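J.: need coordinates for the following:
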Amino acid sequence: MRTVEKAIRRIVRANDLQSKALSKQIGLTAPQLVILNAIAALGEVTTTALSVHVDLSAATVVTILDNLEARGLVERYRSRHDRRVVHTRLTEAGEDLARKAPEPLGAGFAGRMAGLEASRRRELIAALVSVADMMAPVHDHPLPPASHPAPATR
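T.: The predicted model follows:
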C-alpha cells in the first residue's frame, strides 16, 4: 500500500505543479483549462452536461464558470425553450485561448504518452481508471450487498 500511496502522491504533486505552471503561462489552472477545452469540444453546453463530461461536481463547474465568465472567456445565457436551463459558450477570447493553450497535463507527459504503443496506452488508461474508481467515495461506487455490515439489532 505504501508504494501505491507514494505513486498517487507523486501524481497529485505533478498535477499541482503543472496547474501552477499553466497558471503562470496562460493565466488558467488545469481545471479551468479542462473546462474551457470541454466547452470548445462540446459547443454550447449546459452545466450538467459539462459536469458529466469533465467528471467534476456541478458546484465545482459553476465556480470555475464564474471565474471564466468574469475573465470574458465564456458567456452563459438562458435557453429560449426552457428558462430554467442555462447554456455556456466560449467567447471569441475563450476560443482563441482554447486554440493556443498547451496540454493541461503538460506537453512532456502528452508526448511521452503518445510515444507509447497503443496497447500500452490502453493498459495505463485502464489502470488509472481502475485506481480512480477504487478511490471514489463509497456512495459513488457502493460495495456489493454481501460486503456491507449487517445492521445492528437492539
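J.: any idea how far the residue nearest the centre of the chain is from Arg2?
T.: In the chain, the centroid-proximal residue (C-alpha atoms, centre = their mean) is Val54; its distance is 4.1 Å. Distance, Val54 to Arg2, by C-beta to C-beta, to the nearest Å: 31 Å. Using the backbone N, CA and C atoms, a C-beta is placed for each residue, glycine as well.
J.: contacting residues for the residue nearest to the centre of the chain?
T.: Listed by C-beta atoms under 8 Å, 6 or more residues apart in numbering, the contact set of Val54 reads 34-35, 38, 61.
J.: neighbour-wise, which one of the residues you listed leads?
T.: Ile35 (26 neighbours; other C-beta atoms under 10 Å).
J.: and whichever strand or helix holds that residue, what's buried?
T.: Assigned by DSSP states H and E, Ile35 falls within helix 30-42. For helix 30-42, the neighbour count (16 or more other C-beta atoms under 10 Å) marks 30-40 as buried.
J.: which elements pack onto that helix?
T.: Where contact means 3 or more C-beta pairs under 8 Å, 6 or more residues apart in numbering; DSSP states H and E, helix 30-42 is packed against helix 2-26, helix 47-54, helix 58-70, strand 86-90, helix 92-100.
J.: so which of these is the most packed in?
T.: strand 86-90 (a mean of 19; mean count of other C-beta atoms under 10 Å).
J.: that older thread, quick one, the helix holding Ile35 and helix 47-54 angle?
T.: Between helix 30-42 and helix 47-54, the angle comes out at 110 degrees (axes from the mean of the first three to the mean of the last three C-alpha atoms, to 10 degrees).
J.: separation between Glu117 and Ala110?
T.: Computed as C-beta to C-beta, the Glu117 to Ala110 distance reads 16 Å.
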